[in-house]
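**Q** All I have is the shape, not the residue letters:
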């Protein structure tokens with residue numbers, strides 16, 4: 001598995017292949033239900049201009065932290081691990097990145113995102129309506145899966 005590392009201001013971050021929870025956050029907070037495969041280059045650029053720091057806050061992991069630590073917290077009431085909310089898991093880093101990332105750096109991180117995440121790992125961000133009936137067991141979907149490249 002490929003891993004990319006970065007220094008932003010005085011902090012070190014890394015990016016590696018997404019886990020399921022990161023894909024859920026991307027789907028809900030960046031792509032907002034739109035299939036990445038259905039976006040034109042212009043639409044993707046607009047999305048990055050509008051929600052680029054949210055995107056980076058989800059995909060970048062601070063050195064010394066695991067992906068699981070970024071995504072989870074212990075709920076003392078339930079005495080179990082739960083997925084962090086947007087406000088606690090993404091927002092603080094999003095705000096910090098907004099004050100520290102230069103626009104030219106964003107494209108490097110986006111490029112690396114597609115390098116470390118093969119299309120087969122981005123299935124939540126693909127067009128789910130394009131799955132074949134054999135893949136879903138349902139006759140109501142179309143015939144091809146368009147993955148992100």
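**A** Arrived safely, thanks for sending. Small disclaimer: the values here were computed from a predicted structure and weren't measured.
**Q** and the residue nearest to residue 6 when sequence neighbours are not counted, how many residues sit next to it?
**A** Using Cβ to Cβ, 6 or more residues apart in numbering and skipping residues adjacent in sequence, the residue nearest residue 6 is residue 13, 5.0 Å away. No exception for glycine: its C-beta is placed from N, CA and C like everyone else's. Residue 13 has 19 neighbours, counted by other Cβ atoms under 10 Å.
**Q** Can you pull out the low-pLDDT segments for the protein?
**A** Scanning the chain for pLDDT under 70 picks out 1, 121, 123-149.
**Q** Strands of that one, residue ranges please.
**A** Ranges of strands in the chain, per DSSP state E, are 3-8, 11-16, 61-62, 72-75, 80-83.
**Q** outside of the last one, which residues touch it?
**A** When contacts are taken as Cβ atoms under 8 Å, 6 or more residues apart in numbering, the neighbours of strand 80-83 outside the stretch itself are 21, 24, 71, 72, 73, 74, 75, 89.
**Q** and what of the fourth one?
**A** The set of residues that contact strand 72-75 without belonging to it, under Cβ under 8 Å, 6+ apart, is 21, 80, 81, 82, 83, 84, 88.
**Q** just to revisit the earlier point, will you turn the strands of the chain into a markdown table that also has distance to residue 97?
**A** A markdown table is the format used below for these (distance: least, Cβ to Cβ, whole Å):
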| stretch | distance to residue 97 |
| --- | --- |
| strand 3-8 | 7 |
| strand 11-16 | 9 |
| strand 61-62 | 11 |
| strand 72-75 | 20 |
| strand 80-83 | 21 |
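**Q** Of those strands, which is nearest residue 42?
**A** strand 11-16 (24.5 Å; Cβ to Cβ).
**Q** how far off strand 3-8 does that closest one point, in degrees?
**A** For strand 11-16 against strand 3-8, the angle by axes from the mean of the first three to the mean of the last three Cα atoms, to 10 degrees is 160 degrees.
**Q** these two touch, right, residue 36 and residue 122?
**A** Yes: the criterion here is Cβ atoms under 8 Å, and residue 36 meets it with residue 122 at 6.8 Å.
**Q** before we move on, back to that, Throw the contacts of strand 80-83 into CSV and include distance to residue 111 and neighbour count, thanks.
**A** Below are the contacts of strand 80-83 laid out as CSV (distance: Cβ to Cβ, whole Å; neighbours: other Cβ atoms under 10 Å):
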residue, distance to residue 111, neighbour count
21, 23, 17
24, 23, 15
71, 24, 20
72, 28, 16
73, 31, 14
74, 35, 10
75, 37, 11
89, 24, 21
